[in-house]
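A.B. asks: I'll drop the sequence and a predicted model, then ask my questions.
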Amino acid sequence: MPFIQLTNAKYYYEEHGSGEETIVFSHGLLWSGHMFHKQVAYFKGRYRIITYDHRGQGQSEITPDGYDMDTLSVDAAELIEKLVGKPIIFAGLSMGGFVGMRLAARRPELIKKLILLETTAEPEPQENVGKYKMLNAIVKYIGFFPVVGSVMKIMFGQKFLNDANRIEEKNYWKNQLMSNNRKGITKAVDGVIYRKGIAEEIHKITCPTLIMVGDQDVATVPDKAKRIHSLIPNSKLVIFEGGGHTSSVEEPEVYNAEIAKFIS
């Protein structure tokens, strides 16, 4: 299994395919790079694809601290420099988008094109902070089992959750949640809950940017994507039907088609 030692943490990553262009996929909170497996399968024949796990999640190191978005962005920049060494296409979902916006605004020489998926440039709304803190405390002291139903409703749209033909897939991702390391996940959740906004910086992003969100996303509603679109000059907004907060899994055909069109 490939690991890379960065300055302050050991990161797990996977590499697939080959090509002149490299796409780096950065996952959302509570998951790992595995959430992009349908995109990896689709693009690896034409591009070099790198997925990685944020510190404290997936198989990456659980460090005592360093879970704020600014530190995770420094980690991502170092990973890109060491693994690729030239500008890349960066695709970030939710938490990965928090990282992607910081990279494109602060390290523009590393990002050739930016893809922002189900994300926001704002801090966490105050009405969510208390709810998420309570869920996080339960996970920390008991585990995911008592809260997994509530978390699934945040992570996925009703179309996916109510599709009788996708029950097996839904159970698979529910088990993925419950298998997460509680110690690392709760640190990562705190990093997201207390993050600073990036809206005042993203006007600095000059690379071509694709912004995508499903109309059933309740965690980062489409209005959040519209605000990002209004602040990034060279950006395109796609709002699609039936997608929730994890549309890399829910609506892969839409994702893959729009990303392919954007990067080609």
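C.D. replies: All right, it came through fine.
A.B. asks: Would it be right to say that A105 lies in a helix?
C.D. replies: Yes. With DSSP: H, G, I helix; E, B strand; the rest coil as the criterion, A105 is part of a helix.
A.B. asks: Adjust the sequence numbering to begin at 55 for everything that follows.
C.D. replies: Sure, I'll start counting at 55 from here, so that last one is A159.
A.B. asks: pretty sure it is touching A253, no?
C.D. replies: No. Look at A159 against A253 with CB atoms under 8 Å: they stay out of range, at 10.5 Å. Backbone N, C-alpha and C define where each C-beta goes, glycine included.
A.B. asks: For the two, indicate the residue with more neighbours.
C.D. replies: For A159 versus A253, neighbours defined as other CB atoms under 10 Å are more numerous around A159 (21 against 16).
A.B. asks: ok, that one - contacts?
C.D. replies: A159 is in contact with 252, 255-256, 258-259, counting by CB atoms under 8 Å, 6 or more residues apart in numbering.
A.B. asks: where exactly do the strands run in the chain?
C.D. replies: Counting by DSSP state E, the chain has strands at residues 57-59, 64-70, 76-80, 102-106, 142-147, 165-171, 263-268, 289-294.
A.B. asks: With mean pLDDT, mean neighbour count and distance to V128 as extra columns, can I get these in JSON lines?
C.D. replies: Below are these laid out as JSON lines (pLDDT from 0 to 100; neighbours: other CB atoms under 10 Å; distance: least, CB to CB, whole Å):
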{"stretch": "strand 57-59", "mean pLDDT": "97", "mean neighbour count": "13", "distance to V128": "14"}
{"stretch": "strand 64-70", "mean pLDDT": "98", "mean neighbour count": "18", "distance to V128": "12"}
{"stretch": "strand 76-80", "mean pLDDT": "98", "mean neighbour count": "26", "distance to V128": "13"}
{"stretch": "strand 102-106", "mean pLDDT": "98", "mean neighbour count": "24", "distance to V128": "14"}
{"stretch": "strand 142-147", "mean pLDDT": "98", "mean neighbour count": "26", "distance to V128": "14"}
{"stretch": "strand 165-171", "mean pLDDT": "98", "mean neighbour count": "26", "distance to V128": "14"}
{"stretch": "strand 263-268", "mean pLDDT": "98", "mean neighbour count": "26", "distance to V128": "21"}
{"stretch": "strand 289-294", "mean pLDDT": "98", "mean neighbour count": "17", "distance to V128": "24"}
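A.B. asks: okay, the ones you listed in a markdown table with distance to W227 next?
C.D. replies: What follows is those, written out as a markdown table (distance: least, CB to CB, whole Å):
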| stretch | distance to W227 |
| --- | --- |
| strand 57-59 | 25 |
| strand 64-70 | 18 |
| strand 76-80 | 17 |
| strand 102-106 | 16 |
| strand 142-147 | 14 |
| strand 165-171 | 16 |
| strand 263-268 | 16 |
| strand 289-294 | 20 |
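A.B. asks: Show me how to select, in ChimeraX, the buried members of the contacts of A159.
C.D. replies: ChimeraX command restricting these to the buried ones, with burial defined by 16 or more other CB atoms under 10 Å:
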select :252,255,256,259
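A.B. asks: Output the below-cut-off pLDDT ranges for the stretch 155-304 of the chain.
C.D. replies: 235 (pLDDT under 70).
A.B. asks: K185 - how many residues pack around it?
C.D. replies: Using other CB under 10 Å, K185 has 12 other residues around it.
A.B. asks: Alright, calling it a day.
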